[in-house]
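**Q** Sequence and predicted model, in that order:
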Amino acid sequence: MTTTNGYTTTGHLPAWAEDDPSTTGIPPQHLGTELAGINHHQPFPGQSVTVSVTDDDPGIGAVILCGSIDCAPYSEDPASRQPVVNLQLIDDYWFLNLDPEQLATLATQLRAQADHLDHTVRPALTAARQDWTNRHTA
């Protein structure tokens, strides 16, 4: 970034960042604000699912667990000054500023939940459906 009076500040631009925040012609009094607004960003897709708001709602498509890798090197929040993951659960529900260990913990929890759904809930559902069919097809 270069101010109108010729002062230039530089920093690391990660290869993964979508945009280059370099600018010129910044009034010197706005340099701090410009630096604070830098956010290196790389989005990643989520999983498409159908969600319902009410019991009689047929459901709509929604994306869950999408997010981005972000780094705000001049942020007031020290945790945001290095790359973090911001993970959107669904709509306006987010897990923010996840460091690598926190992301690993969440991934482990999600795997455990997926395993529970696959190995406990699905067999129980299959048994319940079979029992239902046996009792209602006579």
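**A** Noted; the coordinates are in hand. Numbering: from 1, shown residues only.
**Q** Mind giving me the packing neighbours of the strand or helix carrying Ala128?
**A** Using DSSP states H and E, Ala128 maps to helix 122-136. Here helix 122-136 touches no other helix or strand, going by 3 or more Cβ pairs under 8 Å, 6 or more residues apart in numbering; DSSP states H and E. All C-beta atoms are positioned from the backbone trio N, CA, C, and that covers glycine.
**Q** from the chain's centre, how far out does it sit?
**A** Helix 122-136 sits 37 Å away from the centroid of its parent chain (Cα atoms, centre = their mean, to the nearest Å).
**Q** average pLDDT for it?
**A** Summarised as a single mean, pLDDT over helix 122-136 is 86.
**Q** Buried residues, that helix. List them.
**A** Buried residues in helix 122-136, counting neighbours by 16 or more other Cβ atoms under 10 Å, are absent.
**Q** Same check on stretch 78-94?
**A** By neighbour count on 16+ other Cβ under 10 Å, the buried set for stretch 78-94 is 80, 83-88.
**Q** just stretch 29-47 next, same as before
**A** Residues of stretch 29-47 classed as buried by neighbour count (16+ other Cβ under 10 Å): 31, 34-35, 38-42, 46.
**Q** Mind putting those into JSON lines with distance to Asn5, secondary structure and pLDDT?
**A** Formatted as JSON lines, these follow (distance: Cβ to Cβ, whole Å; DSSP: H, G, I helix; E, B strand; the rest coil; pLDDT from 0 to 100):
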{"residue": "Leu31", "distance to Asn5": "10", "secondary structure": "helix", "pLDDT": "93"}
{"residue": "Glu34", "distance to Asn5": "14", "secondary structure": "helix", "pLDDT": "91"}
{"residue": "Leu35", "distance to Asn5": "16", "secondary structure": "helix", "pLDDT": "92"}
{"residue": "Ile38", "distance to Asn5": "20", "secondary structure": "coil", "pLDDT": "91"}
{"residue": "Asn39", "distance to Asn5": "26", "secondary structure": "coil", "pLDDT": "91"}
{"residue": "His40", "distance to Asn5": "26", "secondary structure": "strand", "pLDDT": "91"}
{"residue": "His41", "distance to Asn5": "29", "secondary structure": "strand", "pLDDT": "91"}
{"residue": "Gln42", "distance to Asn5": "33", "secondary structure": "strand", "pLDDT": "93"}
{"residue": "Gly46", "distance to Asn5": "45", "secondary structure": "coil", "pLDDT": "91"}
